[in-house]
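Participant: Here's a sequence, model it:
(one chain, ligands or ions: 2)
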Amino acid sequence: MADTANTPAYESDALIAQDIDAYLEAHQHKTMLRFITCGSVDDGKSTLIGRLLYDSKMIFEDQLAALESDSRRIGTQGQEIDFALLVDGLAAEREQGITIDVAYRFFSTEKRKFIVADCPGHEQYTRNMVTGASTADLAVILVDARKGVLVQTRRHSFLCHQLGIRSVVLAVNKMDLVGYDRAVFERIVADYRDFAATIGIENFTAIPISGFKGDNITAAPSANTPWYDGPSLIDHLESVEVLSAADAGKPFRMPVQWVNRPDLDFRGFSGLIASGTIASGDAVRVLPSGRTSSVASVVTFDGDLDRAIAGQSVTLTLADEIDCSRGNVIAAADDPPQVADQFEATVVWLADEDLHVGRGYWLKLATQTVSATVQEPKYRIDVNTMERLAAKTLSLNDIGVAEVFADKPLVFEPYATNRTLGGFILIDKATNATVAAGMLHFSLRRSQNVHWQATDITREHHAALKNQTPRVLWFTGLSGSGKSTIANEVEKQLALMNRHTFLLDGDNVRHGLNKDLGFTEADRIENIRRIGEVAKLMADAGLIVLTAFISPFRAERQMVRDMLAENEFIEIFVDTPLEVAEARDVKGLYRKAREGKLKNFTGIDSPYEPPENPDIVVNTVDMTPEEAAQYIIRRILPLK
Ligand SMILES: Nc1ncnc2c1ncn2[C@@H]1O[C@H](COP(=O)(O)OS(=O)(=O)O)[C@@H](OP(=O)(O)O)[C@H]1O
Ligand SMILES: Nc1ncnc2c1ncn2[C@@H]1O[C@H](COP(=O)(O)OP(=O)(O)O)[C@@H](O)[C@H]1O
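Facilitator: Numbering: from 1, shown residues only. Ligands and ions are numbered 1, 2, ... in the order given. Take a look at the predicted model:
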């Protein structure tokens with residue numbers, strides 16, 4: 001009965017049949033609501049989605065594809081835009097190697113278009129939910145009326161709130177199985193309200209439904225719930241304010257995606273408006289440089305606009321020739337976002353491999369990409385109990401709060417204010433996989449107060465005074481491979497050639513600067529990071545630096561290479577087999593490690609990642625230290 005009673009009559013069917021152009025035109029101007037459905041497998045999520053699609057006479061994806069090709073054939077573009085939105089999001093994530101188990105479905109009613117992210121399964125729930133929720137405006141939290149608020153309900157609500165979803169619908173489903181009992185509904189709503197307040201959800205809309213029978217899905221109240229005086233689910237989804245509308249009221253921000261320069265006469269900055277509105281004549285500021293100008297024109301594919309708003313893709317031309325490139329943000333001149341390089345953030349770990357504290361990852365925020373490290377988490381959150389737990393690292397599906405340090409300033413806003421400029425992902429530099437999603441809270445005050453001091457005597461001056469080209473000769477290899485012995489020999493020979501050098505090794509680093517560090521993975525990463533920074537300063541001072549550390553991980557050696565000028569970093573692999581180094585056992589450490597008296601020993605129970613493309617390889621089985629040194633020097637000459 002509810003089935004037929006709730007099925008509305010749709011004009012769109014007739015319109016599609018008679019005048020596809022008119023249909024597409026009307027369709028394109030409807031607002032779009034992105035929402036996520038959360039619930040356990042048996043909460044009736046699939047039934048509900050099926051019901052929504054069915055009752056709204058959903059345009060099935062294959063029909064949409066047919067429509068799309070039809071529209072192409074008859075020269076209309078309207079339909080393609082929406083579909084691309086759907087497909088693009090997925091493609092971008094696939095490129096980043098993330099496993100997505102989120103099904104996105106598209107449907108539309110007379111009033112609005114919808115994209116619903118359906119995140120099935122218990123396994124890897126966090127990863128799925130983060131993927132689905134990060135772009136959603138609203139969450140439908142499904143609760144089985146027979147079971148009430150469960151641990152999953154709490155977890156899903158918490159995650160949605162963390163990801164910035166501010167519209168929550170508590171859909172109390174399977175009301176038919178509790179006899180449409182008002183008291184049951186009200187008790188669940190009261191329970192949920194108590195919980196919601198503890199995690200910061202201030203309000204939500206509770207609707208008693210039956211996905212199976214169709215009660216209160218498209219029309220309310222259903223005859224079975226005369227006591228309910230709220231909207232039907234569809235009514236609510238059609239009328240709730242969408243995020244992009246809210247974003248339009250905020251200050252103007254547009255991350256620059258690319259500089260559009262078809263010829264010498266035109267230079268425009270293209271991007272998607274993240275918030276606010278823009279019109280020609282508006283004063284803008286380009287960040288991080290802080291330069292100001294005003295908008296000369298707002299250009300789109302279909303011609304110039306008087307005004308553009310959040311959610312639109314536009315090209316801006318400016319009145320002045322100022323520097324502005326991909327990754328910059330064009331913002332309201334009098335209300336710009338912040339610029340900083342150190343932050344506190346919530347980090348959701350999405351990869352099988354744990355977070356390496358201190359390792360450099362690519363951080364992508366809007367159109368900006370920088371190298372960044374995550375510090376040891378302040379805590380991680382048990383998503384079932386909301387408890388804060390101590391953590392040394394983050395594992396798959398963990399959510400933690402940690403400081404994040406970027407190697408360059410980022411234009412940002414707190415995620416709670418602006419999802420586009422506050423949300424980021426971390427990418428493993430070696431595998432290119434997305435390993436984390438994050439939400440910036442605020443910048444650390446110390447990062448705002450540290451500024452680069454431009455010095456008059458440049459690194460070029462320093463090098464010229466020493467009459468040499470600075471280099472960092474980075475020796476890497478197992479303990480006992482011969483790094484120190486050979487580096488020492490190289491330094492002696494360079495000294496004979498009047499070169500200005502400095503050898504960094506365990507004796508002068510691990511006993512001083514790094515005496516607080518041991519041999520855990522995180523400590524080794526930090527050890528190499530600091531040594532890299534010191535080597536860089538010394539190279540800036542014009543020196544030829546030699547370093548002799550195991551430096552077991554490719555990622556950190558690459559990090560140091562990236563820190564230095566082109567061709568300055570020379571990776572020298574002291575390629576001594578483990579058996580040989582172990583037989584030498586200069587300090588007796590291999591024996592101790594074999595006896596289990598020394599943990600985390602490289603080559604025994606801690607990994608060594610040999611270089612894939614070292615600049616120089618030396619073989620200490622066939623070469624004496626002197627020969628190896630000679631060979632290295634020949635390879636690095638000339639040094640002027
Ligand atoms: N667990 C464990 N694993 C490896 N090495 C150990 C360990 N404990 C102490 N040592 C001694 O410390 C030296 C290695 O320090 P490094 O700073 O080169 O190591 S790392 O680059 O941070 O991995 C290394 O010196 P070398 O033999 O000169 O390489 C060892 O003597
Ligand atoms: N061809 C060689 N090159 C370097 N060291 C060698 C060679 N042959 C033997 N050795 C010996 O191996 C040991 C290497 O130790 P060390 O230089 O401290 O290694 P690492 O710094 O890599 O731990 C020294 O005792 C050195 O005399």
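Participant: alpha carbons only for contacts and neighbour counts from here, please
Facilitator: Will do.
Participant: Give the full set of residues in contact with Gln630.
Facilitator: Val490 (CA atoms under 8 Å, 6 or more residues apart in numbering).
Participant: And it, how close does it get to ligand 1?
Facilitator: Distance of Gln630 to ligand 1, computed by CA to the nearest ligand atom, to the nearest Å: 21 Å.
Participant: Ala219 - how many residues pack around it?
Facilitator: By other CA atoms under 10 Å, the residues close to Ala219 number 19.
Participant: From ligand 2, how far off is it?
Facilitator: Relative to ligand 2, Ala219 is positioned 76 Å away (CA to the nearest ligand atom).
Participant: For that residue, which three-state class applies?
Facilitator: coil (DSSP: H, G, I helix; E, B strand; the rest coil).
Participant: mind checking pLDDT for it?
Facilitator: You'll see Ala219 listed with a pLDDT of 90.
Participant: Can you name the residues of the chain that neighbour ligand 1?
Facilitator: Within reach of ligand 1 by CA under 6 Å from any ligand atom, the chain has these residues: 479-480, 506, 519, 524, 527, 549-552, 599-602.
Participant: now those residues as CSV including secondary structure?
Facilitator: Output for the residues of the chain next to ligand 1, formatted as CSV (three-state DSSP):
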residue, secondary structure
Ser479, coil
Gly480, coil
Gly506, helix
Phe519, coil
Arg524, helix
Asn527, helix
Phe549, coil
Ile550, coil
Ser551, coil
Pro552, coil
Lys599, coil
Asn600, coil
Phe601, coil
Thr602, strand
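Participant: between these, which is nearest Leu170?
Facilitator: Arg524 (47.9 Å; CA to CA).
Participant: Does the closest one touch Asn514 like I think?
Facilitator: No - at 10.1 Å, Arg524 does not count as touching Asn514 under the criterion of CA atoms under 8 Å.
Participant: Show me which of those two is the more surrounded one.
Facilitator: Between Arg524 and Asn514, counting by other CA under 10 Å, Arg524 is the more crowded of the two (21 against 17).
Participant: which residues touch the spatially closest residue to Thr277 that is not a sequence neighbour?
Facilitator: Nearest residue to Thr277, sequence neighbours excluded (CA to CA, 6 or more residues apart in numbering): Ile309, at 4.2 Å. Going by CA under 8 Å, 6+ apart, Ile309 touches 248, 273, 275-278.
Participant: try it again with 10 Å
Facilitator: Shown in contact with Ile309 (CA atoms under 10 Å, 6 or more residues apart in numbering): 244-245, 247-249, 252, 272-279.
Participant: Have a look at this protein and report its longest strand.
Facilitator: strand 399-412 (DSSP state E).
Participant: So Ala539 is in contact with Ala565, correct?
Facilitator: Yes - counting by CA atoms under 10 Å, Ala539 does reach Ala565; the two are 9.3 Å apart.
Participant: Please enumerate the shared neighbours of the two.
Facilitator: Shared contacts of Ala539 and Ala565 (CA under 10 Å, 6+ apart): 470-471.
Participant: More neighbours: the two, which one.
Facilitator: Neighbour count, other CA under 10 Å: between Ala539 and Ala565, Ala539 has more, with 25 against 13.
Participant: could you measure that one against ligand 2, distance?
Facilitator: Counting by CA to the nearest ligand atom, the separation of Ala539 from ligand 2 is 22 Å.
Participant: mind checking pLDDT for that residue?
Facilitator: For Ala539, pLDDT reads 97.
Participant: Can you tell me how far Pro577 is from Tyr608?
Facilitator: Distance of Pro577 to Tyr608, given as CA to CA, to the nearest Å: 12 Å.
Participant: what do the two both touch?
Facilitator: In contact with both Pro577 and Tyr608: 477-478, using CA under 10 Å, 6+ apart.
Participant: Where do the strands of the stretch 401-550 of the chain begin and end?
Facilitator: Shown for the stretch 401-550 of the chain, the strands assigned by DSSP state E, counting those that start in this stretch span residues 423-427, 434-443, 471-476, 501-505, 544-548.
Participant: Can I get those in JSON lines including mean neighbour count?
Facilitator: What follows is those, written out as JSON lines (neighbours: other CA atoms under 10 Å):
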{"stretch": "strand 423-427", "mean neighbour count": "24"}
{"stretch": "strand 434-443", "mean neighbour count": "24"}
{"stretch": "strand 471-476", "mean neighbour count": "26"}
{"stretch": "strand 501-505", "mean neighbour count": "20"}
{"stretch": "strand 544-548", "mean neighbour count": "24"}
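Participant: Pipe those strands into CSV and attach mean pLDDT and distance to Met32 per row.
Facilitator: Shown next, in CSV, are the strands of the stretch 401-550 of the chain (pLDDT from 0 to 100; distance: least, CA to CA, whole Å):
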stretch, mean pLDDT, distance to Met32
strand 423-427, 94, 21
strand 434-443, 94, 24
strand 471-476, 98, 54
strand 501-505, 96, 59
strand 544-548, 98, 57
